[in-house]
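Peer 1: can't give you the sequence, but here's the structure:
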Ligand code: MV4
């Protein structure tokens, strides 16, 4: 298997392959020569200069690397080409098994307005709004009036919070509509936008699903990802403190119904927003393994990366009882300085000491002497902790963060420590606005 990625996820995939008896090929840019994925893979191929466009996003070089090493399959990890339908298609036509969904599923879910329509038709509750894209300002006025202010304008080619605009009254609509379309055109080469009722202070809850080649889809419960800053997740946890077993069952069933309706293959995540009245609505589907997948692995006792490889190879899924027996939480340790607005802090890690003990897991590609390159995302490590209650998890996370020593660069560890001591966070009652108001600095 060729792993078309870098960092901790490349290592994570190598580990799954080793356990499955699959030989691995790492690819790396000139900036990643000393990265652990290069060291731990059976073979490694340099695919170009540091810039992602020239290396990890360079499709012809990746396919050539797969061909010269006789790879049978390609795992895209997350980010980079993981949700690129044309890459998945080219893998297929080059005789390589893409570890992920069919290219058509990636295309369908990549168009956010179309994805909503698809889910709505399958009977999944969606956020009230325009049915599909809003193609001119006359439609915009009528639809916004029907939906009722406040509304949110989203780019259909966007996702993950990019290119959104909140409109609180009609006088703001024209300007917001035109700016949003213009920004969408610039950012995604597609000016189409759609409207939704703007939900105040929602929680972000996502369901992990997996589909096989026989049309079976199972779910592994939820992750609560409400702790985000500028649409970057910082902490994820499961089970969500905001939902009951009955809600888990209802959200899981909706996610399975939606994924089944497109005969979804592989690992996927269905994102829901939960409003104040605890109604849940489909928002987007991510057609990849996600950064925060270990949270689900820990509470469910399932290796999701092995499973996604197995279903790609034609194995049949067994039934899953999504009854979490544990609490798990993940803190993303980034090379960023929380005291200076989370500005990037790349550079050489001088000392590196990992925490340990019962219920502690660290997914990282870093080590003492490793240099975090400035070209890619700033994730240094994922610290995942599990225990039998949320209170215990938060307490254990604090002490585990305290043991985690990274010197030479600034990291988000101090931020997480402060968060673990915050009363509102500890209560479990917070929403996606919480982090904006949470002050790291006194
Ligand atoms: C929303 C919303 C309220 N109402 N949609 C932000 C990320 C992107 N995936 C969608 N986002 C939102 N969509 C409606 N109709 C509020 C957000 C939102 C948000 C969502 C999840 C986690 C953090 C967030 C922070 C600000 C806004």
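Peer 2: That came in fine, so what should we check first? Just so it is clear, the structure is predicted and the values come from calculations on it, not from any experiment. Numbers count the residues shown, from 1 in each chain.

Peer 1: ok, and for stretch 266-280, which residues are buried?
Peer 2: 266, 267, 268, 269, 270, 271, 272, 273, 274, 275, 280 (16 or more other CB atoms under 10 Å). From N, CA and C alone the C-beta is placed, and that goes for glycine too.

Peer 1: And those, which is closest to residue 426?
Peer 2: Relative to residue 426, the closest of the buried residues of stretch 266-280 is residue 274; by CB to CB it sits at 19.8 Å.

Peer 1: check contacts around the residue positioned nearest the centre of the chain.
Peer 2: In the chain, the residue lying closest to the centroid (CA atoms, centre = their mean) is residue 290, at 3.8 Å. Applying CB atoms under 8 Å, 6 or more residues apart in numbering, one finds that residue 290 lies in contact with 78, 269.

Peer 1: separation between it and residue 94?
Peer 2: In this view, residue 290 and residue 94 are 26 Å apart by CB to CB, to the nearest Å.

Peer 1: Equivalent analysis for residue 351, please.
Peer 2: 44 Å.

Peer 1: more neighbours, the two?
Peer 2: The neighbour comparison of residue 351 against residue 94 (other CB atoms under 10 Å) goes to residue 94, with 16 against 10.

Peer 1: where do the helices sit along the stretch 251-400 of the chain?
Peer 2: With DSSP state H, counting those that start in this stretch as the criterion, the stretch 251-400 of the chain has helices at 293-300, 304-312, 390-403.

Peer 1: looking at the ones you listed, which is buried most?
Peer 2: helix 293-300 (a mean of 25; mean count of other CB atoms under 10 Å).

Peer 1: Spell out which parts of the stretch 201-350 of the chain neighbour the ligand.
Peer 2: 202, 204, 228, 231, 273, 283, 284 (CB under 6 Å from any ligand atom).

Peer 1: The first one and residue 434 touch, don't they?
Peer 2: Just to be clear, that refers to residue 202. No: taking contacts as CB atoms under 8 Å, residue 202 lies outside contact range of residue 434: 11.5 Å.

Peer 1: Compare those two and say which is more crowded by neighbours.
Peer 2: residue 202 (21 against 18).

Peer 1: show me the contacts for the more buried one.
Peer 2: Counted by CB under 8 Å, 6+ apart, residue 202 has contacts 273, 274, 275, 276, 431, 432.

Peer 1: Kindly recompute the last result at 6 Å.
Peer 2: 273, 274, 275, 432 (CB atoms under 6 Å, 6 or more residues apart in numbering).

Peer 1: Please apply the same query to residue 56.
Peer 2: Residue 56 touches residue 80, counting by CB under 6 Å, 6+ apart.

Peer 1: mind checking the SS state of it?
Peer 2: Following DSSP: H, G, I helix; E, B strand; the rest coil, residue 56 is assigned to coil.

Peer 1: which one of the helices of the stretch 251-400 of the chain lies closest to residue 412?
Peer 2: helix 390-403 (9.7 Å).

Peer 1: just to revisit the earlier point, switch the helices of the stretch 251-400 of the chain over to a markdown table; also include mean pLDDT.
Peer 2: Shown next, in a markdown table, are the helices of the stretch 251-400 of the chain (pLDDT from 0 to 100):
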| stretch | mean pLDDT |
| --- | --- |
| helix 293-300 | 98 |
| helix 304-312 | 98 |
| helix 390-403 | 98 |
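
Peer 1: okay, now the domains of the protein?
Peer 2: 2-99, 128-197, 203-437 (automatic domain parsing).

Peer 1: quick one: average confidence on the shortest one?
Peer 2: In this case it means domain 128-197. Averaged across domain 128-197, the pLDDT comes to 94.

Peer 1: How about it and the ligand, any contact?
Peer 2: Yes: for a cut-off given as CB under 6 Å from any ligand atom, domain 128-197 has contacts with the ligand, namely 152, 160, 161, 196, 197.

Peer 1: can you count the residues close to residue 43?
Peer 2: By other CB under 10 Å, the burial measure for residue 43, its neighbour count, is 16.

Peer 1: Now do the same contact list for it.
Peer 2: 25, 69 are the contacts of residue 43 under CB under 6 Å, 6+ apart.

Peer 1: Now do it against the ligand, distance only.
Peer 2: From residue 43 over to the ligand the distance is 37 Å, taken as CB to the nearest ligand atom, to the nearest Å.

Peer 1: Quick check, pLDDT for that residue.
Peer 2: So residue 43 comes in at 98 (pLDDT).

Peer 1: separation between it and residue 70?
Peer 2: 10 Å.

Peer 1: what sits up against the helix or strand encompassing residue 61?
Peer 2: Using DSSP states H and E, residue 61 maps to helix 59-68. With CB under 6 Å, 6+ apart as the test, helix 59-68 has contacts from 2, 4, 27, 45, 47, 48, 87, 94, 96.

Peer 1: how does it look with 7 Å?
Peer 2: Helix 59-68 is contacted from outside by 2, 4, 25, 27, 45, 47, 48, 74, 87, 90, 94, 96, using CB atoms under 7 Å, 6 or more residues apart in numbering.

Peer 1: Bridged to the closest residue to residue 320 other than its chain neighbours, which residues?
Peer 2: Closest residue in space to residue 320, ignoring its immediate chain neighbours: residue 218 at 4.2 Å, by CB to CB, 6 or more residues apart in numbering. Judged by DSSP bridges, the bridge partners of residue 218 are residue 210.
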